[in-house]
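> Sequence first, then the predicted structure:
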Amino acid sequence: MAELKEGKKAPDFTAIDQNGKKIKLSSFKGKKHVVLYFYPKDMTPGCTTQACDFRDQHKKFKNTVVLGVSIDSTERHQKFIEKYDLPFTLLADTDKKVVQKYGVWQEKKLYGKTFMGIVRTTFIIDKTGTIQKIFPKVKVKIHIEEVLSALKEIYKA
């Protein structure tokens with residue numbers, strides 16, 4: 001797979017949301033921008049902080065759809081949404097097709113162990129389906145400000 005780059009078309013995909021509904025990325029084309037964020041696991045400290053930051057700033061995402069993606073199940077996503085009152089869609093990529101398509105399923109190291117997992121990454125995709133911004137190896141503490149700042153720049157253009 002070719003490495004994804006800003007200015008290139010975002011790979012289309014269909015995934016299942018927390019309610020079991022099929023969501024197709026290209027269905028947002030022409031309507032809204034998409035913030036597509038990949039995170040390792042529901043209910044873990046960093047992922048909870050990131051999701052709650054998106055929740056707390058959700059009103060600032062005008063004309064933008066926020067989609068979170070992990071390999072967790074729809075049931076786990078539903079619990080995560082209910083527990084933290086998340087106002088956006090979480091996609092269950094249990095077969096890892098989307099994470100592989102976006103190149104975020106990578107080898108990771110933790111406590112001397114090597115394993116495969118999601119590298120926290122966010123893509124901003126515009127109304128034409130083009131990747132406007134990629135945030136690789138996201139740092140949770142500053143990420144929401146980075147995303148909102150990038151969206152302001154994109155909307156100005």
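Here it is on my side, so go on.

> CA atoms for contacts and neighbours, from now on please.
OK.

> who's the residue positioned nearest the centre of the chain bridged to?
The centre of the chain sits closest to Tyr37, judged by C-alpha atoms, centre = their mean, with a distance of 1.4 Å. Legend: beta-bridge partners of Tyr37 under DSSP bridges are Gly68, Thr122.

> Could you check how far it is from Lys152?
Plainly put, Tyr37 is 18 Å away from Lys152 if you go by C-alpha to C-alpha, to the nearest Å.

> Repeat that for Gly129.
Gly129 is 18 Å from Lys152, where distance means C-alpha to C-alpha.

> More neighbours: which of these two?
Remark: of Gly129 and Lys152, Gly129 carries more neighbours, 23 against 11, as counted by other C-alpha atoms under 10 Å.

> wait, doesn't the more buried one sit right on Glu6?
No - counting by C-alpha atoms under 8 Å, Gly129 does not reach Glu6; the two are 11.2 Å apart.

> Residues contacting the helix ranked longest in the chain, please?
Secondary structure of the chain per DSSP state H: the longest helix is helix 140-156. Counting by C-alpha atoms under 8 Å, 6 or more residues apart in numbering, helix 140-156 makes contact with 46, 49-50, 53-54, 57, 60-61, 124, 132-133, all of which sit outside it.

> what would those residues look like in a markdown table with distance to Leu91, secondary structure and neighbour count?
Converted to a markdown table, the contacts of helix 140-156 look like this (distance: C-alpha to C-alpha, whole Å; DSSP: H, G, I helix; E, B strand; the rest coil; neighbours: other C-alpha atoms under 10 Å):
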| residue | distance to Leu91 | secondary structure | neighbour count |
| --- | --- | --- | --- |
| Gly46 | 18 | helix | 17 |
| Thr49 | 18 | helix | 14 |
| Gln50 | 15 | helix | 21 |
| Asp53 | 18 | helix | 18 |
| Phe54 | 15 | helix | 23 |
| Gln57 | 20 | coil | 12 |
| Lys60 | 21 | helix | 11 |
| Phe61 | 18 | coil | 17 |
| Ile124 | 16 | strand | 25 |
| Gln132 | 21 | strand | 19 |
| Lys133 | 20 | strand | 19 |
